[in-house]
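Undergrad: here is my input, please return the structure:
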Amino acid sequence: MRLQALAVGIAIILVLPATGLCAGLATGIDLGPPTIMLEPAEVLQVTRSCTVSLPAGESIFALPASDLGVDPAGAQLVVAPADVVRVAAMEIPAGGATVQWRLEAARPVEATVDVTCGLKGLAWSIHYEATLNADGDMDLRQLLTITNGLGRSFDEVTLTGPVSAVMPLREGERVTRSIMDRHIGPEFVKRSIIYDKARHGDVPVEMLSIVPPYPVRRGPLLDPSIPIIGRLFSSSLPALEAGSVSIRSDMQSGGELIGSASIPYVPTGEPIEIKLGPAAGILVTRALELTKDVNVRKDAHGKTAVLDKNEEWVIEVRNLRRSPVELAIIEHPEGTWQVQRANLDSDKPDATTLAFAVSLEAEGVFELIYTLRRQNLQP
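TA: Below you'll find the predicted structure:
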């Protein structure tokens with residue numbers, strides 16, 4: 001996310017008379033403030049614009065090659081109005097000090113010229129600050145940090161892309177600008193403890209989730225977990241660019257740092273899940289206690305061709321905290337399967353997920369035992 005030094009380009013318009021010889025300098029024009037497309041790349045695309053008076057016939061628009069970034073030959077020039085003026089050719093004269101575009105105008109015209117090139121020297125990053133309030137609601141801020149390594153200052157730069165802003169940039173300066181500030185009601189904020197070995201390893205983790213504050217389709221029905229009041233009156237979050245996030249309690253609760261994490265790009269309407277880290281005081285041990293082949297089918301030669309397998313799993317959970325907790329245990333069996341029996345109700349959100357909700361008393365212990373039948377296995 002860096003962008004190389006960008007100088008003020010001087011556009012030189014040379015009018016070409018019928019003889020094909022240059023008549024001389026017609027006008028010198030400063031290119032306007034840059035528009036920078038923010039992308040997760042080292043080379044960023046920068047566009048600068050100006051308005052020029054073109055006579056009928058051919059003219060040359062020239063720029064110093066030093067102003068056109070890492071690949072002057074790859075710089076793009078677009079002129080408007082397109083029905084009056086066009087770019088006939090691009091040339092780099094001997095010595096390579098300038099890049100020239102040959103323009104053809106059907107009549108005298110005030111033309112807009114956009115010059116786009118790839119440059120380096122600008123660093124940018126996205127950071128989020130989440131404040132969890134005592135009432136369970138949240139304040140979420142999105143911050144853009146820009147470091148100007150362009151070698152010069154600008155009174156105004158327009159930033160576009162995943163976030164948009166207009167700001168001055170001083171040489172060598174590092175600035176942070178608030179891009180978004182949203183309040184999220186408590187009905188859309190959930191803190192949970194999850195044990196999911198496949199996703200988070202063999203320790204329970206604490207998760208912070210923000211569910212979309214409007215109907216989310218799950219099959220043909222609306223997600224019943226979204227409150228009706230939220231469906232009717234709450235607005236959605238915009239798409240969130242990938243970045244780091246810090247979560248703190250509000251000042252009334254001490255303003256302490258709860259956790260830090262990174263979040264991937266989140267499209268509009270998708271839930272946000274932030275992993276806060278290991279859940280202190282919650283211990284989980286998981287073991288496969290028994291396996292047994294059942295429903296064995298043999299081929300014509302008497303060899304086992306297909307079978308089912310019963311697996312008995314024991315998961316012990318200990319709560320060392322002095323307060324009750326709710327824990328979600330998530331398993332991801334492979335292939336085709338079904339639960340034969342369990343000492344706790346289970347849920348099957350999809351074909352690869354088995355979920356249990358465990359309620360633990362303060363300093364309590366619970367042993368989850370369930371038998372899973374995995375079907376149509378080959379030996």
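Undergrad: tell me, please, where in the chain the pLDDT is lower than the cut-off.
TA: For the chain, applying pLDDT under 70 flags the ranges 1-29, 213-236.
Undergrad: what's the end-to-end length of stretch 55-73?
TA: Terminal residues of stretch 55-73 are spaced 26 Å apart (CA to CA, to the nearest Å).
Undergrad: same check, this time on stretch 349-368
TA: 19 Å.
Undergrad: look up how far Ser359 lies from Ile329.
TA: Relative to Ser359, Ile329 is positioned 12 Å away (CB to CB, to the nearest Å). C-beta here means a position set from N, CA and C on the backbone, and glycine is covered the same way.
Undergrad: the two - which one has more neighbours?
TA: Ile329 (24 against 12; other CB atoms under 10 Å).
Undergrad: what sits opposite that one in the beta ladder?
TA: Tyr195, Phe356 (DSSP bridges).
Undergrad: elements contacting the helix or strand harbouring Val306?
TA: Assigned by DSSP states H and E, Val306 falls within strand 304-319. Packed against strand 304-319 by the contact rule (3 or more CB pairs under 8 Å, 6 or more residues apart in numbering; DSSP states H and E) you find strand 282-298, strand 325-331, strand 353-360, strand 365-377.
Undergrad: what's the angle between the shortest one and strand 365-377?
TA: Put plainly, it is strand 325-331. 20 degrees (axes from the mean of the first three to the mean of the last three CA atoms, to 10 degrees).
Undergrad: what's strand 325-331 in contact with?
TA: 192-199, 204, 282, 284, 313, 315, 317, 319, 353-360, 368 (CB atoms under 8 Å, 6 or more residues apart in numbering).
Undergrad: now with 6 Å?
TA: With CB atoms under 6 Å, 6 or more residues apart in numbering as the test, strand 325-331 has contacts from 193-196, 319, 354-360.
Undergrad: now the buried members of those residues.
TA: 193-196, 319, 354-356, 358, 360 (16 or more other CB atoms under 10 Å).
Undergrad: and the residue positioned nearest the centre of the chain, how far is that from Pro238?
TA: Centroid-nearest residue in the chain, with CA atoms, centre = their mean: Tyr265, separated by 2.0 Å. Taking CB to CB as the measure, Tyr265 falls 12 Å from Pro238.
Undergrad: cool, and Met37?
TA: 18 Å.
Undergrad: again, but for Val175
TA: Separation of Val175 from Pro238 (CB to CB): 22 Å.
Undergrad: could you do Asp345 as well?
TA: Going from Asp345 to Pro238 by CB to CB gives 38 Å.
Undergrad: report how many residues lie close to Pro186.
TA: 12.
Undergrad: which helix or strand contains the residue nearest to it when sequence neighbours are not counted?
TA: Closest residue to Pro186 apart from its sequence neighbours, by CB to CB, 6 or more residues apart in numbering: Gly136 at 3.4 Å. Per DSSP H and E, Gly136 falls between elements, in no helix or strand.
Undergrad: now Gly136: phi and psi?
TA: Gly136 adopts backbone torsions of phi 90, psi -10, taken as degrees, to the nearest 10.
Undergrad: which stretches of the stretch 51-200 of the chain form strands?
TA: With DSSP state E, counting those that start in this stretch as the criterion, the stretch 51-200 of the chain has strands at 57-64, 76-80, 85-91, 98-105, 109-119, 122-132, 138-148, 154-160, 165-169, 174-184, 189-195.
Undergrad: rebuild the ones you listed as JSON lines, extending it with distance to Gly32.
TA: Below are those laid out as JSON lines (distance: least, CB to CB, whole Å):
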{"stretch": "strand 57-64", "distance to Gly32": "13"}
{"stretch": "strand 76-80", "distance to Gly32": "14"}
{"stretch": "strand 85-91", "distance to Gly32": "18"}
{"stretch": "strand 98-105", "distance to Gly32": "17"}
{"stretch": "strand 109-119", "distance to Gly32": "10"}
{"stretch": "strand 122-132", "distance to Gly32": "18"}
{"stretch": "strand 138-148", "distance to Gly32": "18"}
{"stretch": "strand 154-160", "distance to Gly32": "9"}
{"stretch": "strand 165-169", "distance to Gly32": "13"}
{"stretch": "strand 174-184", "distance to Gly32": "21"}
{"stretch": "strand 189-195", "distance to Gly32": "44"}
